[in-house]
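J.: Sequence first, predicted coordinates after that:
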Amino acid sequence: MGVSSIHSFVENMLTTVKFLMIFFLSRIAMQTMNTDTPSIFSLRTLSVDGQFNFHNVSHAGKDFGNRFQLPPSAVLQPKTISDISVTIKHVYQMGQSSSITVAARGHGHSLQGQAQAPGGIVVQMESLQESEIHVQSGSLPYVDVSAGELWINVLRESLKHGFTPKSWTDYLHLTVGGTLSNAGISGQAFRHGPQISNVHQLEIVTGKGQVVTCSPGENADLFYGALGGLGQFGIITKARIALEPAPQMVKWIRVLYSDFTTFTQDQEMLISSKKTFDYIEGFVLINRTGILNNWRSSFNPQDPIQATHFKSEGKTLFCLEMTKNFNADETDIMNQEVHRLLSRLRYIPSTLFQSEVTYLEFLDRVHVSEVKLRSKGNDRRSKQPTGSSTCVPADSYSQNSALYLTG
Ligand SMILES: Cc1cc2nc3c(=O)[nH]c(=O)nc-3n(C[C@H](O)[C@H](O)[C@H](O)COP(=O)(O)OP(=O)(O)OC[C@H]3O[C@@H](n4cnc5c(N)ncnc54)[C@H](O)[C@@H]3O)c2cc1C
């Protein structure tokens, strides 16, 4: 064989190999399309009361953190629990060869894409219209709610009956299912535990599409798995939440410390005392941006005069925030009790900020700050609680550059 014929032989071989590679790669692509594309679109064959959306899905690929943007292939807007059950059953029956994932989306306030299902199905829980908020009074009052309901609505409805859930998050425009899949922490947790410790019963659509009721006495593994289970044990569709009588008013107090040890000792003393405040939370204030000015506006005009003149001189400060609940006819007793508790604390004396607001105003305080900041065009999003009583990044709505420590 001459050099030129060897050359053309090699060229022919290369062309054949290239052809074979293209052939195999296109086979793989076709196989992928054959398994995945019809699978997602087979959802169209399902009979649901709500609807599937296959086109306008980009919103379900975003969240509050704005860091991950992974759109699904379909969004289910369920009207009934059966819609969710039918969908999950269908995906389950596709078997393990299907790579379709399903994620429940509450109010989308996750920070790291937890409520996203890249290429899969997002179930938009706020569309669920099946059940009304139902308050049951009696010696062990509770409220039955849809998991797609916002906590602010649960509060408003419970208050109409003179009751309130016991444990909260700082921000109430989150869904019941969203916070129960995490923990739900705020300044009441030192007394009542996080929100997941105040649930009597759940209704869940499991990974096989079954609708199961669970509680500490019935399907307890599922109950405790789903609470704080980051959406990995099924989709919570209903929750029965413990209630207690609601106070009318709240005495709201903030004091500042410059010494971390004194601050934590005082906070620990308060949370371990029997007769203490009803809400205790700690913040670290990295005072770069005049936060104290922002913050004072929520306390005016009841501030003591000296507090409005307080200057931090750019130091890192530690804030203890506390409340005492009361009804109008108990104001004197409440003031005596607050005075007694404050006299045991070692805060910087000129930094006592106090206010009296309604219980609803206090609990919805972060939203009020959110609305104010949004109106100024400040939509920075940076808060991410860790789900334990530790230090977490800033609540940009209520205190720029603040870290908080929950009792
Ligand atoms: C401004 C702001 C303030 C916050 N303040 C607090 C606070 O004070 N305390 C606190 O503890 N947390 C706080 N968080 C965190 C918040 O509690 C969680 O991010 C919570 O998951 C958000 O609820 P969501 O309804 O937006 O849920 P999403 O972000 O929509 O979902 C969160 C997770 O829960 C899953 N999920 C949602 N619904 C269900 C369901 N029905 N069944 C099963 N799984 C479900 C999702 O798949 C996802 O994994 C705050 C977050 C923000 C953005």
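T.: Happy to help now that I have it.
J.: interface residues of the protein facing the ligand?
T.: Contact residues, the chain versus the ligand (CB under 6 Å from any ligand atom): 63-64, 103-110, 114-115, 125, 147, 169-171, 174-175, 177-179, 181-186, 230-231, 235-236, 383, 385. In short, each C-beta sits where N, CA and C put it, glycine included.
J.: Out of those residues, which sit inside strands?
T.: Ala103, Ala104, Arg105, Ile235, Ile236 (DSSP state E).
J.: I'd like those residues as CSV, with neighbour count and pLDDT appended.
T.: Formatted as CSV, these follow (neighbours: other CB atoms under 10 Å; pLDDT from 0 to 100):
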residue, neighbour count, pLDDT
Ala103, 20, 97
Ala104, 26, 98
Arg105, 28, 98
Ile235, 28, 98
Ile236, 28, 98
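J.: For stretch 218-236, output the C-alpha coordinates as CSV.
T.: C-alpha atoms of stretch 218-236 as CSV (Å, rounded to 0.1, in the frame of the first residue of the first chain):
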residue,chain,number,x,y,z
GLU,A,218,-51.2,7.8,64.2
ASN,A,219,-48.6,7.2,61.5
ALA,A,220,-46.1,8.9,63.8
ASP,A,221,-43.0,8.3,61.7
LEU,A,222,-44.6,10.2,58.8
PHE,A,223,-45.7,13.0,61.2
TYR,A,224,-42.3,13.6,62.7
GLY,A,225,-40.5,13.0,59.4
ALA,A,226,-42.6,15.7,57.6
LEU,A,227,-42.3,18.3,60.3
GLY,A,228,-38.9,19.9,59.6
GLY,A,229,-38.5,17.4,56.7
LEU,A,230,-37.7,20.0,54.0
GLY,A,231,-40.5,18.6,51.8
GLN,A,232,-38.8,15.2,51.4
PHE,A,233,-41.5,13.1,53.1
GLY,A,234,-44.5,14.1,51.1
ILE,A,235,-46.6,17.2,50.5
ILE,A,236,-48.3,18.6,53.6
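J.: Now do the buried residues in that stretch.
T.: Asn219, Leu222, Phe223, Ala226, Leu227, Gly228, Gly229, Gly231, Phe233, Gly234, Ile235, Ile236 (16 or more other CB atoms under 10 Å).
J.: and the two most separated of these?
T.: Asn219 and Gly231 (17.5 Å; CB to CB).
J.: Tell me, how many residues neighbour the residue lying closest to Ser98 once chain neighbours are set aside?
T.: Nearest non-adjacent residue to Ser98, counting by CB to CB, 6 or more residues apart in numbering: Ser39, 5.4 Å away. The tally of other residues near Ser39 (other CB atoms under 10 Å) stands at 17.
J.: ok, Ser39 touching Gln93?
T.: No: at 10.6 Å, Ser39 and Gln93 do not qualify as touching, with contact defined as CB atoms under 8 Å.
J.: Which of the three states applies to Phe190?
T.: Judged by DSSP: H, G, I helix; E, B strand; the rest coil, the three-state class of Phe190 is helix.
J.: related to what we said a few turns ago, can you redo the ones in strands among the residues of the chain next to the ligand as JSON lines with distance to Val212?
T.: Converted to JSON lines, those look like this (distance: CB to CB, whole Å):
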{"residue": "Ala103", "distance to Val212": "19"}
{"residue": "Ala104", "distance to Val212": "15"}
{"residue": "Arg105", "distance to Val212": "21"}
{"residue": "Ile235", "distance to Val212": "11"}
{"residue": "Ile236", "distance to Val212": "11"}
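J.: Run through this protein and note the low-pLDDT ranges.
T.: The chain contains residues with pLDDT under 70 at 1-10, 12-38, 287-312, 378-407.
J.: can you list the domain ranges for it.
T.: Under automatic domain parsing, the residue ranges defining each domain of the chain are 1-129, 134-245, 249-406.
J.: among these, which is the most enclosed?
T.: Comparing these by mean neighbour count (mean count of other CB atoms under 10 Å), domain 134-245 ranks first with a mean of 20.
J.: So for it, first residue to last residue, what's the gap.
T.: When the termini of domain 134-245 are compared using CA to CA, to the nearest Å, they are 16 Å apart.
J.: Stretch 345-363 now?
T.: One end of stretch 345-363 sits 24 Å from the other (CA to CA).
J.: looking at it, His109 is touching Glu126, isn't it?
T.: No: with contacts counted by CB under 8 Å, His109 stays clear of Glu126, the gap being 11.8 Å.
J.: What segments of this protein are helices?
T.: 3-41, 81-93, 151-160, 176-180, 189-192, 220-226, 260-272, 291-296, 305-308, 331-342, 359-363, 365-375 (DSSP state H).
J.: tilt between the third one and helix 365-375?
T.: It refers to helix 151-160. Helix 151-160 runs at 130 degrees relative to helix 365-375, counting by axes from the mean of the first three to the mean of the last three CA atoms, to 10 degrees.
J.: I'd like to know which elements helix 151-160 is packed against.
T.: If contacts are counted by 3 or more CB pairs under 8 Å, 6 or more residues apart in numbering; DSSP states H and E, helix 151-160 sits against strand 134-136, strand 142-146, strand 163-165, helix 176-180, helix 359-363.
J.: Thank you kindly, that will do.
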